[in-house]
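Asks: below are the sequence and a predicted model for it; my questions follow.
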Amino acid sequence: SVALVALSGGRAAATAGMRYLLVSLLGSLAYLMGVALLYGAFGTLDIALLGELMAPAPAVWAAIALMTLGMLLKTALFPLHFWLPPAHAGAPSPASALLSGLVVKGSFYLLLRLWFDVFPEVLPPLAGQLLGGLGAAAILWGSLLALRQERLKMLLAYSTVAQVGYLFLLYPLAAETHWGAGAWSGGVYYALSHACAKAAVFMTAGIILEVRGTDEIGKLRGISEHLPLTVMTFATAGIALMGLPPSGGFTGKWLLLAAAIESGQWWYSAVVVAGGLLAAGYLLRFLTPAFTVESPGDHRERPLRAPRALEVPAFLLALLALLLGLVSSPLVELLRIGAPFPGEVF
């Protein structure tokens, strides 16, 4: 993934790639130090056995802190997100789609397994609230910075910072078995929907950059006239990112909202609603001028037509993010297989 960041060449790409490399290595080193502590304390690295043997001890606390810190760095959770915007915005657009849609989800998945399969008996409720607070801050801070961006790819990069925050609301909301199943399914389902939608919008940004020669939002007025399918793809994926029905993003947010209300943690529901409104704001910063008809006084060179081979895969990803909401019930039930919570989700 570091090579993908630096693939476009140039000083900015090399700087972003080097920063990403150092952060990734630091995160891996912290994680492996935690692994070494666990092995020294329990003599095994089997996840199921560790979950049974886990007991409060200084080595365990140190391992939790190191492994969590390492994964938070890799996931770019606020305030450890400093490497992500320049890396994702400076990479080639197909690489940005992979980095934002998939790479940050890998470390999130590892942390999820650690907290719910290895450390659940020794983690205090305050630890989950800490991650939830950082997730809430990421949603608000990332969204506000996205509203201020003048380049489309940088806007989407800060959007990723915000969207990652929703995933970490799972930790405080899944602290109790009664409503934990809904929060667990909602967080994981939102990660799946976000992967499809964010990959689609980064691909559309790449198409616009390819045919127009710039991704400056102020210079994209009337772009829908020339790239209707590309702009429609962006709008379709934006429905999932905002969490509007019938998208998979709506299903994930709805389950998180229900868990927040049922558990009495209403402040997280307020953050989810505010994040959706802010997402609408920064996505409309591009969509509003994109759908505006060019006036006769706009002396701009007519952009090239985008090849269907570039537009169709992005549209299919956006459509998949939308359709995930229509088939959510069986998929949410599927996610419960192997989850740490028994009982019904709905």
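Replies: That came through fine.

Asks: only C-alpha atoms for contact and neighbour calcs from this point on.
Replies: Fine.

Asks: the longest helix in this protein is where?
Replies: helix 177-212 (DSSP state H).

Asks: give me the buried positions along that one.
Replies: Buried residues in helix 177-212, counted by 16 or more other C-alpha atoms under 10 Å: 178-212.

Asks: next one: stretch 39-51
Replies: Buried, per 16+ other C-alpha under 10 Å, within stretch 39-51: 50-51.

Asks: report the distance from it to the chain centre.
Replies: Stretch 39-51 sits 30 Å away from the centroid of its parent chain (C-alpha atoms, centre = their mean, to the nearest Å).

Asks: can you list contacts of it?
Replies: 35, 38, 53, 59-60, 117-121 (C-alpha atoms under 8 Å, 6 or more residues apart in numbering).

Asks: as a markdown table, the residues you listed with neighbour count would be great.
Replies: As requested, these are arranged in a markdown table below (neighbours: other C-alpha atoms under 10 Å):
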| residue | neighbour count |
| --- | --- |
| 35 | 18 |
| 38 | 21 |
| 53 | 14 |
| 59 | 16 |
| 60 | 19 |
| 117 | 18 |
| 118 | 22 |
| 119 | 22 |
| 120 | 16 |
| 121 | 15 |
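
Asks: distance to residue 318 and secondary structure added to the residues you listed, as TSV?
Replies: Below are these laid out as TSV (distance: C-alpha to C-alpha, whole Å; DSSP: H, G, I helix; E, B strand; the rest coil):
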residue	distance to residue 318	secondary structure
35	38	helix
38	42	helix
53	44	helix
59	45	helix
60	42	helix
117	33	helix
118	35	helix
119	36	coil
120	36	coil
121	40	coil
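
Asks: which one of those residues sits closest to residue 333?
Replies: residue 117 (19.4 Å; C-alpha to C-alpha).

Asks: the closest one touches residue 123, doesn't it?
Replies: No: Residue 117 lies out of contact with residue 123 (C-alpha atoms under 8 Å); the separation is 11.4 Å.

Asks: can you pull out the low-pLDDT segments for the chain?
Replies: 176-179, 294-304, 338-339, 341-346 (pLDDT under 70).

Asks: can you pull out the strands in it?
Replies: Per DSSP state E, the chain carries no strands over any range.

Asks: now do the phi/psi pair for residue 81.
Replies: When read as degrees, to the nearest 10, the backbone of residue 81 gives phi -100, psi 0.

Asks: list the contacts of it.
Replies: 73, 75, 161.

Asks: try residue 96
Replies: 5, 88-89, 199, 202 are the contacts of residue 96 under C-alpha under 8 Å, 6+ apart.

Asks: coming back round to it: neighbour-wise, which of the contacts of residue 81 leads?
Replies: Using other C-alpha atoms under 10 Å as the neighbour test, those are led by residue 161, with 30 neighbours.

Asks: residues touching that one, list them.
Replies: Contacts of residue 161 by C-alpha under 8 Å, 6+ apart are 76-78, 81, 84-85, 138-139, 142-143.

Asks: can I get these in CSV with distance to residue 276?
Replies: Putting the contacts of residue 161 into CSV (distance: C-alpha to C-alpha, whole Å) gives the following:
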residue, distance to residue 276
76, 20
77, 18
78, 18
81, 20
84, 21
85, 20
138, 13
139, 9
142, 12
143, 9
